[in-house]
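Chemist: What follows is a predicted structure for the sequence shown.
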Amino acid sequence: MVLADKVAVVTGSGGAGCGRAIARRLARDGASLVASDINEDGGCETVRQIEAAGGRAAFFRADVRSETDMRALVEFAVRRFGGLTLLVNNASGGIHEPGGFFDHFAATLQIELFGTLYATRFAMEAIRRSGGGAIVNMSSISGLWHGRKKPVGFEAYDVAKCAVIRLTTTLAPLAEKEGVRVNCLAPGWIATEEVRTYWESLTLDQRLERGAPSKLLQPEEIADAVVRLATDESLCGRILVWWSEDSPTLIRWGDRGYGE
């Protein structure tokens, strides 16, 4: 198994979407898995499913908005399974509060951006001590749009996901210095329950009008892409873009405008 003897942490893996799919896939490939979420029941269900399939897993409740929680999460993984070799920064939950343009920025950035920063900060040293490994950040195509032709999206979410992309490329030197490869997946629309329900409610004309894709990515497909970024040792600081209707493609290093 490609991840045998590895230890992985997946934040935001207590729901029924990408986090759980990623956690299950990593465990299936041999990793000892720490599922983490503020949803304790959901996180324990993720662990139950992994163990029922013959994998090794444990749950640790942690809020990515808290530096203290992120430190404790990493310490738990090291204590429980003897080290840490892979972190997937999957936790998400853009907060769309009523009010003015900037009212929801702080809360959303705290989850989407600073949660990734906090987890990365504490995981880096643990991964280095374990002999090296990888961090996979989850961004979105929403961080790539250079102006939207359709009036959709949430401003704070877009800003945060763009920042996660830049954070990833900035940390590319960690591969050589610390043995920690940081990469990022920027997917399109994913068939999580909320997105699928909305997408299925639209007619074909409404999808065109609102900029919705003609098909959705499946959480299991996202898990496959995460494994690619986690295990391909030639990749560091790279962004894998997956528009819902196309194949996943790496942005060329140094590309000044995502021209390819």
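Modeler: Perfect, thanks for sending it.

Chemist: Strands of the protein, start to end?
Modeler: Using DSSP state E, the strands of the chain run over 7-11, 32-37, 57-61, 86-89, 133-138, 180-187, 239-242, 249-250.

Chemist: Dump the ones you listed into TSV; add distance to Val78 as well.
Modeler: Placement of C-beta: from N, CA and C, glycine included. Converted to TSV, the strands of the chain look like this (distance: least, Cβ to Cβ, whole Å):
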stretch	distance to Val78
strand 7-11	8
strand 32-37	10
strand 57-61	11
strand 86-89	12
strand 133-138	12
strand 180-187	15
strand 239-242	28
strand 249-250	31
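
Chemist: Roughly how far does Met138 sit from Pro213?
Modeler: Distance check for Met138 against Pro213: by Cβ to Cβ, to the nearest Å, it reads 18 Å.

Chemist: Compare the two and say which is more crowded by neighbours.
Modeler: Neighbours per residue, other Cβ atoms under 10 Å: of Met138 and Pro213, the larger number sits with Met138, 24 against 15.

Chemist: Skip the chain neighbours and tell me the closest residue to that one.
Modeler: Distance criterion Cβ to Cβ, 6 or more residues apart in numbering; nearest residue to Met138, sequence neighbours excluded, is Asn90 at 5.0 Å.

Chemist: Roughly how far does Ala31 sit from Val9?
Modeler: 10 Å.

Chemist: buried set for stretch 212-221?
Modeler: By neighbour count on 16 or more other Cβ atoms under 10 Å, the buried set for stretch 212-221 is Ala212, Leu216, Leu217, Pro219, Glu221.

Chemist: What distance separates the opening and closing residues of that stretch?
Modeler: Start to finish, the residues bounding stretch 212-221 are 19 Å apart (Cα to Cα, to the nearest Å).

Chemist: Other residues contacting that stretch?
Modeler: 17-18, 20-22, 25, 187-192, 195-196, 199, 202, 206-207, 242-245 (Cβ atoms under 8 Å, 6 or more residues apart in numbering).

Chemist: before we move on, the earlier item: can I assume the residue nearest to Met138 is in contact with Gly15?
Modeler: No - in this structure, Asn90 is not within contact of Gly15 by Cβ atoms under 8 Å, at 9.6 Å.

Chemist: residues contacting Arg121?
Modeler: Arg121 neighbours (Cβ under 8 Å, 6+ apart): Glu67, Met70.

Chemist: Just to check, Trp242 is in contact with Ile190?
Modeler: No - contact criterion Cβ under 8 Å: Trp242 and Ile190 do not qualify, at 9.4 Å.

Chemist: Now do the end-to-end distance for stretch 59-75.
Modeler: End-to-end distance for stretch 59-75, by Cα to Cα: 13 Å.

Chemist: Not counting it itself, show me its contacts.
Modeler: The contact list for stretch 59-75 (Cβ under 8 Å, 6+ apart) reads 9, 11-12, 14, 34-38, 40, 43-44, 46-47, 76-77, 84, 91, 110-111, 114-116, 118-119, 121-123, 126.

Chemist: Same check on stretch 176-186?
Modeler: Stretch 176-186 has contacts (Cβ under 8 Å, 6+ apart) with 120, 124, 127-128, 131-141, 143-144, 161, 164-165, 168, 171-172, 174-175, 222, 225-226, 229-230, 233, 235-242, 248.

Chemist: and that stretch, which residues are buried?
Modeler: For stretch 176-186, burial by neighbour count (16+ other Cβ under 10 Å) applies to Glu178, Gly179, Val180, Arg181, Val182, Asn183, Cys184, Leu185, Ala186.
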